[in-house]
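[1] show me how the following folds:
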Amino acid sequence: MTEAKKEKEKKVKVPILTQIQNELKAPKNQWNDFGHYKYRNAEDIESALKPLLAKYGAQLTFDEEYREVGGRIYAVEIATYKDSEQEVTVKGWAREAEHKKSMDESQISGSTSSYAIKYALGKLFLIDDTKDADSQKPETAQKSKKKPTKSELITVAKERRAQYGGGKELVTDIVGLEMDGDMQARTFLNGWCAKNPKNQALYTFIKKNNLATHGMKVGA
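    Numbers count the residues shown, from 1 in each chain. A predicted model of the protein is given here:
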């Protein structure tokens, strides 16, 4: 046996999952003007993962279930990772809030599910989240970004638009429709708020500050 062959056999093969864990970069690049904090969400992690999964020919799937423990409802996201070497399954748990201001039951469920996915991904890919409490702002973010005034936030809220009813409509108009009893608007806002914490924060800000416009016809 040649020396080169012996040296090659001595090398430790690094598992594909370990390589993905080492290469994955999912920084907290999003800033919430209404909550005043930087954060990463499940969608950010998934976006960073997609090219790595393709690179190594790996697969990631999710199954969802809900469990009642001690009278409280928990969302359980089951992440299954599979490559040519192994298959690994981890679970992420998140408890539904009993009540959250300006959120109905479907929004609470959607938000809870997103957190559970994030926790499952964190465990599977060893993402250090100890300094990433979604409800708190890091000191560095507080110092580096000037806090917007309330009037500035109101201006932003009044100008924000969302794809609704075949066009880009003002969110304040859609919230107004929901408050006037429009079920289509309510269904849309449930899903829209569940997609992103920034959307939920904006929705809450609009209602809290009475910015919703009533009697509007949108999406025609």
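[2] mean confidence (pLDDT) on stretch 190-198, please.
    Across stretch 190-198, pLDDT averages out at 87.
[3] and it, C-alpha only, in CSV?
    The C-alpha atoms that make up stretch 190-198 are tabulated as CSV, following Å, rounded to 0.1, in the frame of the first residue of the first chain:
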residue,chain,number,x,y,z
ASN,A,190,-55.2,36.3,8.9
GLY,A,191,-52.8,34.8,6.3
TRP,A,192,-50.9,38.0,5.7
CYS,A,193,-50.2,38.5,9.4
ALA,A,194,-49.2,34.9,9.9
LYS,A,195,-46.6,35.1,7.1
ASN,A,196,-44.3,37.7,8.8
PRO,A,197,-44.0,39.3,12.2
LYS,A,198,-43.6,42.7,10.5
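[4] list the buried residues of it.
    190, 192, 193, 194, 196, 197, 198 (16 or more other Cβ atoms under 10 Å). The way it works is simple: take the backbone N, C-alpha and C, and place the C-beta from them, glycine included.
[5] which one among these gets closest to residue 40?
    residue 197 (10.5 Å; Cβ to Cβ).
[6] and that closest one, how far is that from residue 38?
    11 Å (Cβ to Cβ, to the nearest Å).
[7] and for those two, which residues touch both?
    Common contacts of residue 197 and residue 38 (Cβ atoms under 8 Å, 6 or more residues apart in numbering): residue 32.
[8] on contacts alone, who are the packing partners of the lengthiest helix in the chain?
    As assigned by DSSP state H, the longest helix anywhere in the chain is helix 105-124. Where contact means 3 or more Cβ pairs under 8 Å, 6 or more residues apart in numbering; DSSP states H and E, helix 105-124 is packed against helix 42-56, strand 59-69, strand 72-82, strand 87-95, helix 183-195, helix 197-208.
[9] strand partners (parallel or antiparallel) of the shortest one?
    Paired with strand 87-95 in the same sheet, following DSSP bridges, are strand 72-82 (antiparallel).
[10] what does the partner strand rub up against?
    Contacts for strand 72-82 (Cβ under 8 Å, 6+ apart): 17, 58-68, 87-96, 98, 109, 112-113, 115-117, 119-121, 124.
[11] report the buried members of those residues.
    17, 58, 60, 62, 90, 92, 94, 96, 109, 112-113, 115-117, 119-121, 124.
[12] after the worst-scoring helix or strand of the chain on mean pLDDT comes which helix or strand?
    Within the chain, confidence by mean pLDDT, DSSP states H and E is lowest for helix 139-144 among all helices and strands, at a mean of 47. Scanning forward in sequence from helix 139-144 by DSSP states H and E, the next helix or strand is helix 150-159.
[13] where's residue 62 relative to residue 213, distance?
    38 Å.
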